[in-house]
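In: just a sequence and a predicted model for now, questions to come.
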Amino acid sequence: MICQFAAPGWTQNYPTRPVRLLIAFSAGSGTDTIGRFIAAGLTEPLGQQVVVENRAGASGNIGAEIAAKASPDGYTLFLVNIGFAINAGMYKSLRYDLLRDFAPVTQFAKGPYVVVVHPSLPAKSLGELVKLAKSMPGKIDAASAGAGTAVLLAAELFKRQAGINLVMVPYRGGGEAITAVLSGEVPVYFAPLAPVLPLIQQGRLRGLAVTSAERQSMLPGYPTVAESGYPDYEFGNWYGLVVPSKTPRAIITTLHGAAIAAIKDPALSKRLNSQGYVTVGDSPEQFAAYLKSELAKVAQIIREHNLAPN
């Protein structure tokens with residue numbers, strides 16, 4: 001929700017002290033890396049230091065609870081990604097609600113997954129992979145980074161739309177999954193772009209398509225899944241900035257202006273590109289609508305594939 005309360009006078013001088021950016025994952029994680037890029041980018045346009053605070057645990061839910069209960073004064077920002085949409089679909093007893101307890105500021109960045117295969121697999125396009133899978137139902141394995149991960153949902157959504165039966169093999173995280181595909185232990189993986197990009201460029205993995213709605217400049221010449229015959233398919237990770245729901249609109253406007261200034265900085269764009277993401281910079285209202293649609297899409301995938309824990 002976007003708060004429309006009248007702003008008290010003190011909001012006119014906001015911010016007058018450092019701002020904290022809560023990150024619900026540990027230092028050194030992918031989300032932490034993105035968050036530190038964003039914090040650095042916000043510092044100059046806000047005129048105050050933006051300090052990262054890691055509050056990890058329970059798949060991000062501990063940090064989310066802390067952020068939801070924080071004072072709505074603009075001094076606590078929270079970084080969200082697709083993982084929080086997954087949490088909403090997986091767990092029915094969360095002590096926060098992403099739509100009710102937070103006010104969106106902007107979507108900072110989004111990035112696709114890449115369908116990659118081991119070079120030994122006789123499939124040089126997504127269409128060839130589907131044809132092969134249909135000729136060998138239940139005989140082709142695909143790596144998963146674990147239950148409830150975005151890469152698993154990306155694969156399950158594609159399996160349903162393509163009408164194929166890839167056997168999902170869970171690993172303990174993305175690093176193990178990539179190692180398994182590199183060795184040929186498992187031939188298929190819906191992978192985050194950044195860690196597999198050099199492997200594709202080196203010929204150690206074969207990229208077939210990206211899961212975003214648009215082609216990616218970092219992988220020129222590679223089609224989208226939609227272009228490859230599945231027009232309704234789009235799935236990827238994203239990062240956005242939210243604040244506690246009762247934050248005054250004047251503060252949200254200030255934060256949005258700072259975020260857009262940061263997004264326009266080529267240095268931040270370059271940093272995000274290095275992690276496989278492109279900048280977005282939509283309005284609070286647009287990001288609110290996007291969050292609502294992502295939660296609905298993810299919940300449907302989880303429900304249709306019985307992915308929620310019992």
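Out: Received, thanks.

In: can I assume residue 106 sits in a strand?
Out: Yes: the assignment for residue 106 (DSSP: H, G, I helix; E, B strand; the rest coil) places it in a strand.

In: who are the contact partners of the closest residue in space to residue 48 that isn't next to it in sequence?
Out: For residue 48, ignoring the flanking residues on the chain, the nearest one in space by Cβ to Cβ, 6 or more residues apart in numbering is residue 15 at 4.5 Å. C-beta here means a position set from N, CA and C on the backbone, and glycine is covered the same way. Residues counted as contacts of residue 15 (Cβ atoms under 8 Å, 6 or more residues apart in numbering) are 46-48, 74-75, 254.

In: look up phi and psi at residue 15.
Out: Torsion angles at residue 15 (phi, psi; degrees, to the nearest 10) stand at phi -90, psi 150.

In: cool, residue 303 as well?
Out: phi -70, psi -50.

In: how near is it to residue 160?
Out: Residue 303 sits 12 Å away from residue 160, going by Cβ to Cβ, to the nearest Å.

In: got the domain boundaries for this protein?
Out: According to automatic domain parsing, the chain comprises the domains 9-111+236-304, 112-210.

In: separation between the residue positioned nearest the centre of the chain and residue 207?
Out: Closest to where the C-alpha atoms of the chain average out (Cα atoms, centre = their mean) is residue 237, at 2.3 Å. For residue 237, the distance to residue 207 equals 17 Å [Cβ to Cβ].

In: which SS state does residue 237 fall under?
Out: At residue 237, secondary structure determined by three-state DSSP is strand.

In: quick one: it and residue 192 touch, right?
Out: Yes: counting by Cβ atoms under 8 Å, residue 237 does reach residue 192; the two are 7.1 Å apart.

In: which stretches in the stretch 151-300 of the chain count as helices?
Out: All helices of the stretch 151-300 of the chain, identified by DSSP state H, counting those that start in this stretch, fall at 174-183, 193-201, 249-263, 266-274, 284-304.

In: list the contacts for residue 220?
Out: Contacts of residue 220 by Cβ under 8 Å, 6+ apart: none found.

In: now swap in the one 10 residues further on and tell me
Out: By Cβ under 8 Å, 6+ apart, the residues touching residue 230 are 158, 161-162.

In: do the same with residue 189
Out: By Cβ under 8 Å, 6+ apart, residue 189 lies in contact with 115-117, 142-143, 151, 177-178, 180-181, 196.

In: that older thread, so which of the contacts of residue 15 comes closest to residue 63?
Out: Taking Cβ to Cβ as the measure, residue 63 lies nearest residue 75 of the contacts of residue 15, at 15.9 Å.

In: residue 17 versus the closest one, what's the distance?
Out: The value you get for residue 75 to residue 17, if Cβ to Cβ is used, is 7 Å.

In: tell me which of those two has more neighbours.
Out: Taking neighbours as other Cβ atoms under 10 Å, residue 75 and residue 17 compare with residue 75 leading, 18 against 8.

In: per-residue pLDDT of that one, please?
Out: The model reports residue 75 with a pLDDT of 99.

In: any idea how far it is from residue 253?
Out: 16 Å.

In: touching, residue 273 and residue 218? I think so.
Out: Yes: the pair residue 273 / residue 218 is scored as a contact, 6.7 Å apart, by Cβ under 8 Å.

In: residue contacts, residue 111?
Out: Residues counted as contacts of residue 111 (Cβ under 8 Å, 6+ apart) are 192-194, 212, 236-238, 275-278.

In: do that again at 7 Å, thanks
Out: Going by Cβ atoms under 7 Å, 6 or more residues apart in numbering, residue 111 touches 193, 236-237, 276-278.

In: kindly reformat those residues as TSV containing pLDDT.
Out: As requested, the contacts of residue 111 are arranged in TSV below (pLDDT from 0 to 100):
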residue	pLDDT
193	94
236	96
237	97
276	93
277	95
278	94
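
In: ChimeraX command to pick out the buried ones of these?
Out: This is how ChimeraX selects the buried members of those, with burial counted by 16 or more other Cβ atoms under 10 Å:
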select :193,236,237,276,277,278
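
In: now the contacts of residue 111 as JSON lines including distance to residue 91?
Out: What follows is the contacts of residue 111, written out as JSON lines (distance: Cβ to Cβ, whole Å):
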{"residue": "193", "distance to residue 91": "28"}
{"residue": "236", "distance to residue 91": "22"}
{"residue": "237", "distance to residue 91": "19"}
{"residue": "276", "distance to residue 91": "27"}
{"residue": "277", "distance to residue 91": "26"}
{"residue": "278", "distance to residue 91": "30"}
